[in-house]
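Engineer: sequence first, predicted model second:
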Amino acid sequence: MTTGFYAFLVFTVSFCESKGDTKWKSRMAELKTNERITLVGGGSVTIKKELGRGGQGIVYLVDMNGKEMALKWYINAPDNYFYTNLNNNILNGAPSDAFLWPKALTERQKGSYGYVMDLRPKNYFEFGSFLMAKQRFASFDAMLNAAMKICNGFMMLHRFGYSYQDLNDGNFFIDPNTGDVLICDNDNVMPQGEKSGIMGKARYMAPEVVAGGVPDKYSDRYSLSVILFMLFYANHPLEGAKVVACPCMTEAYEKKFYGSEAVFIYNPNDKSNLPVRGIHQNVIRRWPVLPAVLRETFTREFSEEMLRNPQKRMIEQNWEKLIATLRDCLVVCPHCKGETFIEEGKNTCMDCGKSIDTSLKMKLGARTLYITEGTKLYIDHDNIADVQVLRDAKAGLLLLKNLSSDTTWTAETPSGKLKAVAPSEMMPVKAGIKVSFNQNIKAEIIEN
């Protein structure tokens with residue numbers, strides 16, 4: 001573990017909403033190695049060493065019943081309402097496995113309190129390291145997996161009746177190889193409509209929050225759209241020429257650029273904040289080559305209408321549908337073996353520029369999945385690839401490999417013959433073959 005590991009947990013926050021309770025004014029003492037801290041409901045953790053610290057608290061590596069965990073210990077303990085809400089969140093459990101959710105709350109002791117959570121696995125890195133190019137996604141497939149996991153996590157959070165209230169680039173750990181995501185810093189999660197006292201982080205707060213409003217699920221959705229834009233384009237959607245020209249970023253300028261005078265960098269009706277060459281190279285390079293449906297969606301989500309009307313913002317389920325659409329048109333180029341996106345009227349590889357044969361397809365209801373060697377196909381939306389397209393070099397034939405661990409497909413030839421395709425087995429790609437992946441999902445291979 002390194003001291004920077006949990007810096008995301010300990011940024012300075014002013015808890016301004018006391019709900020009428022008395023705040024703890026005393027500054028806590030630092031915890032010592034081998035010191036025992038008792039937990040609500042019984043049991044204890046033993047301090048092993050410090051992992052990191054900041055304005056809000058210190059994070060320690062602790063032993064909890066023989067398992068290494070992390071303890072966030074507050075420097076200035078938040079009020080009674082915050083303590084009660086944190087305990088309720090622990091009792092209710094995490095909305096999904098995407099969250100590094102608080103697992104246990106400590107008793108009030110030594111002038112403060114804290115909570116216990118799982119450690120971050122070593123193969124997960126902070127989102128900021130991707131933005132700074134210290135880490136890179138192994139593939140577009142992994143990037144789409146990350147986007148889907150983030151959207152699903154916040155969909156589940158809102159379904160549980162929560163709002164996150166402080167969504168920013170410090171809230172995510174990502175595995176660059178698989179795109180799996182862990183959402184962290186969850187102690188500020190509140191029931192929808194309640195106030196944690198945390199307004200959010202500059203650059204990620206919705207315009208209405210910048211103007212003094214209260215964070216809620218609608219402001220979460222704005223922050224989500226910012227995170228997704230940065231994930232795909234590695235640039236902030238509101239930071240273009242106007243921000244570059246700013247002599248010094250003051251609070252007044254922040255309120256203008258991210259609030260009252262926010263302008264999307266590719267606003268078709270206002271060219272005052274376009275990306276600047278030499279500074280915003282990532283978005284300048286990626287904007288024209290990623291699919292048009294992505295450009296259209298972000299242009300709409302950062303339009304003046306959406307910036308000023310929170311309830312019209314895109315819900316998480318629709319983001320998931322969009323990402324599934326992107327995934328359906330992602331293929332491996334047979335020429336250079338790189339990934340590229342196929343669009344209507346556009347079937348050239350973004351890397352090598354060669355034309356890709358997209359005559360073989362799988363029709364899955366209204367969906368069209370392109371079949372090229374090396375491409376992964378996602379039949380459902382569980383973020384796990386179901387099919388791998390391979391090639392039998394001797395027979396000169398493409399094959400579909402069943403990637404599931406427990407599901408057997410049924411393939412039906414045009415003549416009506418049935419063949420079971422068990423996990424890890426393969427079937428040929430031939431026009432006219434119908435595939436039942438399960439009772440509800442059926443597809444047909446076509447060629448045109």
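Structural biologist: Cool, got the structure. Residues are numbered from 1 along each chain as shown.
Engineer: so, low pLDDT: which residues of this structure?
Structural biologist: Along the chain, the model assigns pLDDT under 70 to residues 1-29, 195-200.
Engineer: tell me what the helix ranked longest in it is packed against?
Structural biologist: What stands out as the longest helix in the chain, according to DSSP state H, is helix 140-159. The contact analysis (3 or more Cβ pairs under 8 Å, 6 or more residues apart in numbering; DSSP states H and E) places helix 140-159 against strand 181-183, helix 217-233, helix 316-328, strand 330-332, strand 339-341. The C-beta positions use only the backbone N, C-alpha and C, and glycine is treated the same way.
Engineer: now those as JSON lines including mean neighbour count and distance to residue 401?
Structural biologist: Below are those laid out as JSON lines (neighbours: other Cβ atoms under 10 Å; distance: least, Cβ to Cβ, whole Å):
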{"stretch": "strand 181-183", "mean neighbour count": "23", "distance to residue 401": "26"}
{"stretch": "helix 217-233", "mean neighbour count": "23", "distance to residue 401": "29"}
{"stretch": "helix 316-328", "mean neighbour count": "18", "distance to residue 401": "18"}
{"stretch": "strand 330-332", "mean neighbour count": "23", "distance to residue 401": "14"}
{"stretch": "strand 339-341", "mean neighbour count": "22", "distance to residue 401": "18"}
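Engineer: could you dump those to TSV with distance to residue 128?
Structural biologist: Listed next are the helices and strands packed on helix 140-159 as TSV, based on distance: least, Cβ to Cβ, whole Å:
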stretch	distance to residue 128
strand 181-183	14
helix 217-233	10
helix 316-328	21
strand 330-332	25
strand 339-341	24
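Engineer: out of those, which is closest to residue 289?
Structural biologist: Of all the helices and strands packed on helix 140-159, it is strand 339-341 that lies closest to residue 289, at 8.0 Å by Cβ to Cβ.
Engineer: who does that closest one pair up with?
Structural biologist: Strand 339-341 has these partner strands in its sheet, going by DSSP bridges: strand 330-332 (antiparallel).
Engineer: name the residues that touch the partner strand?
Structural biologist: 140-141, 144, 338-342, 356, 358, 370, 372-375, 389 (Cβ atoms under 8 Å, 6 or more residues apart in numbering).
Engineer: just the buried residues from those residues, in ChimeraX please.
Structural biologist: In ChimeraX, this line selects whichever of the contacts of strand 330-332 come out buried by 16 or more other Cβ atoms under 10 Å:
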select :140,141,144,339,340,341,342,356,370,372,373,375,389
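Engineer: got the CA coordinates for the longest helix of the chain in PDB?
Structural biologist: Below are the C-alpha coordinates for helix 140-159, written out as PDB (Å, rounded to 0.1, in the frame of the first residue of the first chain):
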ATOM      1  CA  PHE A 140     -12.000   0.100 -26.100                       C
ATOM      2  CA  ASP A 141     -13.800  -3.000 -24.900                       C
ATOM      3  CA  ALA A 142     -12.400  -2.300 -21.400                       C
ATOM      4  CA  MET A 143     -13.300   1.400 -21.600                       C
ATOM      5  CA  LEU A 144     -16.900   0.500 -22.500                       C
ATOM      6  CA  ASN A 145     -17.000  -1.900 -19.600                       C
ATOM      7  CA  ALA A 146     -15.900   0.800 -17.300                       C
ATOM      8  CA  ALA A 147     -18.600   3.200 -18.600                       C
ATOM      9  CA  MET A 148     -21.300   0.500 -18.200                       C
ATOM     10  CA  LYS A 149     -20.200  -0.300 -14.600                       C
ATOM     11  CA  ILE A 150     -20.300   3.300 -13.600                       C
ATOM     12  CA  CYS A 151     -23.700   3.900 -15.100                       C
ATOM     13  CA  ASN A 152     -25.100   0.700 -13.500                       C
ATOM     14  CA  GLY A 153     -23.700   1.600 -10.100                       C
ATOM     15  CA  PHE A 154     -25.400   5.000 -10.100                       C
ATOM     16  CA  MET A 155     -28.600   3.600 -11.500                       C
ATOM     17  CA  MET A 156     -28.700   1.200  -8.500                       C
ATOM     18  CA  LEU A 157     -27.700   3.900  -6.100                       C
ATOM     19  CA  HIS A 158     -30.700   6.100  -7.200                       C
ATOM     20  CA  ARG A 159     -33.000   3.000  -7.200                       C
END
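Engineer: for the very next helix or strand once past it, packing partners?
Structural biologist: Later in the chain than helix 140-159, the nearest helix or strand by DSSP states H and E is strand 162-163. Secondary-structure packing of strand 162-163 (3+ Cβ pairs under 8 Å, 6+ apart): strand 190-191, helix 217-233.
Engineer: separation between residue 177 and residue 141?
Structural biologist: 10 Å (Cβ to Cβ, to the nearest Å).
Engineer: can you pull out the helices in this structure?
Structural biologist: Ranges of helices within the chain are 80-92, 127-131, 140-159, 207-210, 217-233, 241-244, 251-255, 281-286, 292-301, 304-308, 316-328, based on DSSP H.
Engineer: now do the buried residues in the longest helix of the chain.
Structural biologist: Under 16+ other Cβ under 10 Å, the buried positions of helix 140-159 are 140-158.
Engineer: ok, stretch 249-269 next?
Structural biologist: Using 16+ other Cβ under 10 Å as the test for burial, stretch 249-269 gives 254-259, 262-267.
Engineer: farthest-apart pair in the residues you listed, please.
Structural biologist: Longest distance between any two of those is 22.4 Å, between 255 and 266; criterion Cβ to Cβ.
Engineer: count of residues packed around residue 177?
Structural biologist: The number of residues packed near residue 177 is 12, by other Cβ atoms under 10 Å.
Engineer: what's the closest non-adjacent residue to it?
Structural biologist: Sequence neighbours aside, residue 138 is the residue nearest to residue 177 in space, at 4.7 Å (criterion: Cβ to Cβ, 6 or more residues apart in numbering).
Engineer: is it true that that neighbour touches residue 174?
Structural biologist: No. Assessed by Cβ atoms under 8 Å, residue 138 is found out of contact with residue 174, at 11.0 Å.
Engineer: all set now, cheers.
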